[in-house]
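K.L.:
quick one, fold the following:
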Amino acid sequence: MSLFDIINKVKKEVEKLASEVINGDKPAENPEETKPCESSCAQPQQEEWGEGDTWYDHIPAEECQYNSGTTYLEYFEKIFREDFPEYDITREDAEPFRRYVYTFAKEGAVKLVVELMSERSSVRKTRNECLKNGIPYLRFYFDHSGWWNTRSYVKDRIRAAL
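P.N.:
A predicted model of the protein is given here:
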């Protein structure tokens, strides 16, 4: 990558961040209908790597949040529902930024907190509260370039935390 390409990439990122600051980085009116990183999704190539890998240059062959045909919220909620049916799972839409906090409970006790958030968010409140209260905590970024959140990666991290 040339120096010119790097400068253009940085310029685009700064413009994008400035736009978000000006617009207040408000959540979409209906976040379930919003699919992040549409340009990344348009890449037709898929890499053949082992199940459980999560970082790829292109969309992996394994089911992930970008090739599932659903929004990222629907994708994660489907995994939660199908792979962890024994837990009562509730969602809280947290402010600021687009953050979604899922609480996994069983027999009335909180067993895990999972936070979906933008990589641009530096909010640590939920993580710090979980640490203080001895509750396992996981975070998944839904818009980190090259990070596809493959189904096996998401399931394995949650299973290990539970």
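K.L.:
where along the protein do the strands fall?
P.N.:
Taking DSSP state E to define them, one finds strands in the chain at 46-47, 59-60, 88-94, 99-106, 109-117, 137-141.
K.L.:
parallel or antiparallel, list what pairs with the longest one.
P.N.:
Strand partners for strand 109-117, identified by DSSP bridges, are recorded as strand 99-106 (antiparallel), strand 137-141 (parallel).
K.L.:
quick one on the thing from earlier: out of the strands of the chain, which gets the lowest mean score?
P.N.:
Mean pLDDT is lowest for strand 46-47 out of those, coming in at a mean of 40.
K.L.:
re earlier: need the strands paired with strand 109-117 in JSON lines with distance to Arg91 and mean neighbour count, can you?
P.N.:
Every C-beta, even on glycine, is put in place using the N, C-alpha and C of the backbone. Formatted as JSON lines, the strands paired with strand 109-117 follow (distance: least, C-beta to C-beta, whole Å; neighbours: other C-beta atoms under 10 Å):
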{"stretch": "strand 99-106", "distance to Arg91": "5", "mean neighbour count": "18"}
{"stretch": "strand 137-141", "distance to Arg91": "13", "mean neighbour count": "18"}
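K.L.:
switch these over to JSON lines; also include distance to Ser118.
P.N.:
Below are the strands paired with strand 109-117 laid out as JSON lines (distance: least, C-beta to C-beta, whole Å):
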{"stretch": "strand 99-106", "distance to Ser118": "8"}
{"stretch": "strand 137-141", "distance to Ser118": "7"}
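K.L.:
Asn149: which of these is closest?
P.N.:
With respect to Asn149, and counting by C-beta to C-beta, the nearest of the strands paired with strand 109-117 is strand 137-141 at 5.8 Å.
K.L.:
alpha carbons of the closest one, as PDB, please.
P.N.:
Written as PDB, here are the backbone C-alpha positions of strand 137-141 (Å, rounded to 0.1, in the frame of the first residue of the first chain):
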ATOM      1  CA  TYR A 137     -18.500 -10.400  30.700                       C
ATOM      2  CA  LEU A 138     -18.000 -10.600  27.000                       C
ATOM      3  CA  ARG A 139     -17.800  -8.000  24.300                       C
ATOM      4  CA  PHE A 140     -18.300  -8.400  20.600                       C
ATOM      5  CA  TYR A 141     -17.700  -5.500  18.100                       C
END
